[in-house]
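*Asks:* would you be able to build a 3D model of this:
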Amino acid sequence: MKKLLLSIPALLLGAAAGAANEREAEALFAEAKDPVTDLTVVPTSLSLEVGETLQMVATVTPSDAGHKVIWESSNDETVDVSVTGEVFGVSPGPAVVTAIAGGNTATCTVTVRIPEDTPVTGTLGPLTWDFDQGTLTIAGDGPMPDFDGTNEAPWTSFHNAVEEVVVFEGVTHLGALSFYNCNNLFRIELPNGLRSIGEWAFFRCDALEEITVPEGVTEIPRYCFAECQHLKRVLLPSTTRRVQESSFLYLPELMSVTCLATVPPAFGPDDPVGKSFSVKNDTLYVPAGSVDAYKADRMWRSRFKTIAAIP
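*Replies:* Residues are numbered from 1 along each chain as shown. As a prediction, the model looks like this:
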């Protein structure tokens, strides 16, 4: 980087000194360099084992443009990439490695494989589970056990590889922490026979954009859907009676919540300021005959910019 800086006017160098990161600095220097007409990376897709490394190569055109190539990973928990483009498999799952130079980008899709000795099927009390090509299925009759820091869900070692969860009819409870930090999970299918969900069950499922909680569930537990960064739409069933503390905390992209309960559900005793919904820029849709009741409820009206009848 020092060799590059020597050829840059002092004014730009001073501005770059305060840049927050290399990418910002590169943007500051862009006008002082020849434009990049093309950027390619090799390979454009690859599969790694956990712990395996591979050196990627980026080609900038023209070769003397003078732009530093910056490398980024879409998911550092799955794939790490060094400043020189060396890729390292951290944990099973997909990620995209991006090279950036002079406003141009090129990408490589990386898949870190599940180790061959890792179980991808098994039992959980009365239930069975199976993982295949990104989809985790859970079947049987009865409740899933709750998990904690010493008793983790059996798919925890490859949680970033889980992209879909399908729970079949007969499962009555989803365990606490069951899908914690499955940040590539984008689709969840839950059965109508489900009766309860454990705390932190879907915490930080960043790829999830919508969730439908099935009829029969009466309580949304603490931190259940908290910090799901891209969650936009939530549907709560008519059986909802209570929304516990921080169950929907910090959802920056939340657009709408639909609650089918005719009586406004209560907020948990540990949620005196309505932390269950933390972004007051979304819309709450409720049954037409219940709009006034929700608007009269201090907790609900303090959390939503608009309360309206279900379209």
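
*Asks:* quick one, grab the pLDDT at Leu185.
*Replies:* Per-residue confidence (pLDDT) for Leu185: 96.

*Asks:* kindly report the same for Ser238.
*Replies:* You'll see Ser238 listed with a pLDDT of 98.

*Asks:* ok, now the one 3 residues further on?
*Replies:* The predicted structure scores Arg241 at 97 on the pLDDT scale.

*Asks:* same check on the one 4 residues further on?
*Replies:* As summarised for this prediction, Glu245 has a pLDDT of 86.

*Asks:* could you grab the helix/strand/coil label for it?
*Replies:* coil (DSSP: H, G, I helix; E, B strand; the rest coil).

*Asks:* isn't it up against Gly268?
*Replies:* Yes - applying CB atoms under 8 Å as the test, Glu245 and Gly268 come out as touching, 4.7 Å apart. For the C-beta atoms, the positions are set from N, CA and C on the backbone; glycine is no exception.

*Asks:* residue nearest the middle of the protein, spatially speaking?
*Replies:* Asp206 (1.0 Å; CA atoms, centre = their mean).

*Asks:* that one contacts Cys228, doesn't it?
*Replies:* Yes - shown here, Asp206 and Cys228 form a contact pair, counting by CB under 8 Å, at 6.4 Å.

*Asks:* show the contacting residues for Pro191.
*Replies:* By CB atoms under 8 Å, 6 or more residues apart in numbering, the residues touching Pro191 are Val167, Phe168, Glu169, Gly170, Val171, Pro214.

*Asks:* over to Gly125?
*Replies:* Gly142, Pro143, Met144, Pro145.

*Asks:* make a markdown table out of the residues you listed and add distance to Leu46.
*Replies:* What follows is the contacts of Gly125, written out as a markdown table (distance: CB to CB, whole Å):
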| residue | distance to Leu46 |
| --- | --- |
| Gly142 | 42 |
| Pro143 | 41 |
| Met144 | 35 |
| Pro145 | 37 |
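
*Asks:* among those residues, which are in strands?
*Replies:* Residues of the contacts of Gly125 located in strands (DSSP state E): Gly142, Pro143.

*Asks:* now do the strands in the stretch 101-250 of the chain.
*Replies:* Taking DSSP state E, counting those that start in this stretch as the criterion, the stretch 101-250 of the chain contains strands spanning 104-112, 121-124, 127-132, 135-140, 142-143, 164-167, 171-174, 187-189, 196-197, 210-212, 219-220, 233-236, 242-243.

*Asks:* figure out how far the second one is from the centre of its chain.
*Replies:* Strand 121-124 sits 25 Å away from the centroid of its parent chain (CA atoms, centre = their mean, to the nearest Å).

*Asks:* what helices and strands are in contact with that strand?
*Replies:* strand 127-132 (3 or more CB pairs under 8 Å, 6 or more residues apart in numbering; DSSP states H and E).
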